[in-house]
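Engineer: the sequence and its predicted three-dimensional model are supplied below.
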Amino acid sequence: MRNIPCALTIAGTDPSGGAGIHADLKTFQELKTYGMSVITSVVAQNTTGVQAVHHIPVNMIEQQLDSVISDMPLHAFKTGMIPTIEIMEMLAGKVSELDVPYVMDPVMVATSGDPLIAEDARTYLRDHLLPMTSLVTPNISEAEEITGEKIETLEDMRCAAALIVHEFGAGAALIKGGHLKGDAIDFLYDGESIHSFSSERIETTNTHGTGCTYSAAITAYLSQGYSLGDAVKQAKDFVTAAIRHSFSIGKGNGPTNHWAHRSEGVEQ
Ligand SMILES: Nc1ncnc2c1ncn2[C@@H]1O[C@H](COP(=O)(O)OP(=O)(O)OP(=O)(O)O)[C@@H](O)[C@H]1O
Ligand SMILES: Cc1ncc(COP(=O)(O)O)c(N)n1
């Protein structure tokens, strides 16, 4: 393991602390990874939904990023909410200069159903940023949006993962089955083979921020030098523990428990 693994998240905020930048930094910290953040949008949201958004001007996002990369070591980074095409254009230029693993959580809507990125930005994200990723982590509806194909079965998930790599150019694709029925099964296609990661389905509505937490954990493990398969395997254990011991707080979908792995012995 490196002395001090350093990871960056480029994402929006969640003042209620369960998703976005906040979930990412909590996860990095829990996994003994030095966490850094560039904020794309200030989002007034909580467990019930999104109340308002204020996007940060593009030049200010660029300056935050420059502040980090001109000074700090960086071993892996992730993107979450990138709300507009203008911000994506700027990031596309910058990301191509970063020679470390890039994990994209292709955030489109919150658990509450509120949209988090502009409609026209979805195609831009797919066509311009996706090909720069080491890994993209869509849930079922995001994978449907990217591929244009309906996903109803495990076989559909496997096909979508391969399509996202071979047709759309992602380095690897992890399709998350959190929104299907039965066990929570995710499929990773790394360009050569399919791997599955499975856990029992936990009966809970406390799923605010699961996607953010999962992709942040993968990023943290990659920053520590783990292989993609090992990073996903350990991150799956981390997020499963976080969901199993999630908090019934707030009036809507409660947040996950970022320290749950401590009592479940997830590898760090
Ligand atoms: N009820 C559950 N029980 C166990 N694992 C779950 C459950 N819901 C989601 N997961 C797992 O959590 C991870 C995140 O998946 P999910 O499909 O929920 O992502 P997401 O849709 O991006 O997140 P969110 O629901 O927060 O938007 C995946 O590993 C998924 O299998
Ligand atoms: C700033 C921000 N980024 C991402 C999500 C998605 O989180 P989730 O779908 O896991 O609720 C969110 N709610 N807010």
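Structural biologist: Arrived safely, thanks for sending. Numbers count the residues shown, from 1 in each chain. Ligands and ions are numbered 1, 2, ... in the order given.
Engineer: next secondary structure element downstream of the longest helix along the chain?
Structural biologist: Among the elements of type helix in the chain, defined by DSSP state H, the one spanning the most residues is helix 228-244. Downstream of helix 228-244, the next assigned helix or strand under DSSP states H and E is helix 261-264.
Engineer: tell me which residues in that following helix are buried?
Structural biologist: Residues of helix 261-264 classed as buried: residue 261 (neighbour count, 16 or more other C-beta atoms under 10 Å). In this view, the C-beta of every residue, glycine as well, is placed from N, C-alpha and C.
Engineer: swap in stretch 57-74?
Structural biologist: Of the residues in stretch 57-74, those buried under the neighbour-count criterion (16+ other C-beta under 10 Å) are 58, 61-62, 64-65, 68-69, 74.
Engineer: who touches that stretch?
Structural biologist: For stretch 57-74, the surrounding residues in contact (C-beta atoms under 8 Å, 6 or more residues apart in numbering) are 4, 6-8, 10, 36, 38-40, 56, 86-87, 90-91, 94, 97-98, 100.
Engineer: which ones among those residues are found in helices?
Structural biologist: Short answer: those in helices (DSSP H) are 86-87, 90-91, 94.
Engineer: chain neighbours aside, what residue packs nearest to residue 113?
Structural biologist: Take residue 113 and drop its neighbours on the chain: the residue closest to it by C-beta to C-beta, 6 or more residues apart in numbering is residue 49, 7.4 Å away.
Engineer: cool, residue 27 as well?
Structural biologist: Of all residues not flanking residue 27 in the chain, residue 216 sits nearest, at 3.8 Å (C-beta to C-beta, 6+ apart).
Engineer: elements contacting the host helix or strand of that neighbour?
Structural biologist: Taking DSSP H and E as the definition, residue 216 sits inside helix 210-223. For helix 210-223, the packing partners by 3 or more C-beta pairs under 8 Å, 6 or more residues apart in numbering; DSSP states H and E come out as strand 6-12, helix 20-30, strand 76-79, strand 102-104, helix 228-244.
Engineer: so what strands line up beside the top strand by length along the chain?
Structural biologist: With DSSP state E setting the assignment, residue counts place strand 34-46 as the longest strand in the chain. Paired neighbours of strand 34-46 in the sheet (DSSP bridges): strand 6-12 (parallel), strand 49-55 (antiparallel).
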